[in-house]
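Novice: pasting the structure only:
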């Protein structure tokens, strides 16, 4: 009896591990919340994409509700979401871009081709700000309230229906 139990122990351990791994694989990583939710936007000091002599920091995000969009020229879904970001800018939503792990030339060419909805583009060529935000890919978008606190995190590109069903309601919620 004891020997039979010892033979079943590895099988039971394997089944438990398999169940745990299956559960993890069935989760959608795009539905995760940011670990920074309700925390101040991380401190940073970087130049802008447009002007390498102009330095900006997290104070840029205080005073007005702002969408911070992490993008890169190398990102195919960033191209897909650009019409939605242009639409949000036309509707009066303040957008700040973070050009993530890119070159200045490629970032500028991207905006020339697809449009520039951003009030400012922070240039993050090494991905340091992206790392502080917990970004694991682009695009990712953070809603920052007027006090500089992260209130919403959108992983993946913003689809047209996300603009009206999620993004605009969140912006209005935090403007009040």
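Specialist: On my side now, so go ahead. On a predicted model such as this, the values are computed, not experimentally measured, just so you know.

Novice: Looks to me like residue 108 is in a helix.
Specialist: Yes. According to DSSP: H, G, I helix; E, B strand; the rest coil, the state of residue 108 is that of a helix.

Novice: Tell me how many other residues surround the closest residue to it other than its chain neighbours.
Specialist: Of all residues not flanking residue 108 in the chain, residue 49 sits nearest, at 6.5 Å (C-beta to C-beta, 6 or more residues apart in numbering). In short, each C-beta sits where N, CA and C put it, glycine included. The tally of other residues near residue 49 (other C-beta atoms under 10 Å) stands at 24.

Novice: Quick check, residue 49 in contact with residue 104.
Specialist: Yes. Here residue 49 reaches residue 104: they are 6.3 Å apart, a contact under C-beta atoms under 8 Å.

Novice: Quick check: bridge partners of the residue sitting nearest the centre point of the chain?
Specialist: Computing the C-alpha centroid of the chain and ranking residues by C-alpha atoms, centre = their mean puts residue 140 first, at 2.1 Å. Counting by DSSP bridges, residue 140 forms beta bridges with residue 70, residue 155.

Novice: That one against residue 153, yeah?
Specialist: Yes. With contact defined as C-beta under 8 Å, residue 140 reaches residue 153; the gap is 7.1 Å.

Novice: and the closest residue in space to residue 59 that isn't next to it in sequence, how many neighbours?
Specialist: Spatial nearest neighbour of residue 59, excluding adjacent residues (C-beta to C-beta, 6+ apart): residue 148 at 7.7 Å. When neighbours are defined as other C-beta under 10 Å, residue 148 has 16 of them.

Novice: ok, now residue 59?
Specialist: Neighbours around residue 59, by other C-beta under 10 Å: 10.

Novice: returning to that earlier point: how much space between the residue nearest to the centre of the chain and residue 79?
Specialist: Residue 140 is 15 Å from residue 79, where distance means C-beta to C-beta, to the nearest Å.

Novice: Now do stretch 121-134, average pLDDT.
Specialist: On average, the pLDDT along stretch 121-134 is 96.

Novice: start to end distance for that stretch?
Specialist: Stretch 121-134 has its terminal residues 19 Å apart, counting by C-alpha to C-alpha, to the nearest Å.

Novice: before we move on, what about stretch 100-109?
Specialist: Stretch 100-109: ends 14 Å apart by C-alpha to C-alpha.
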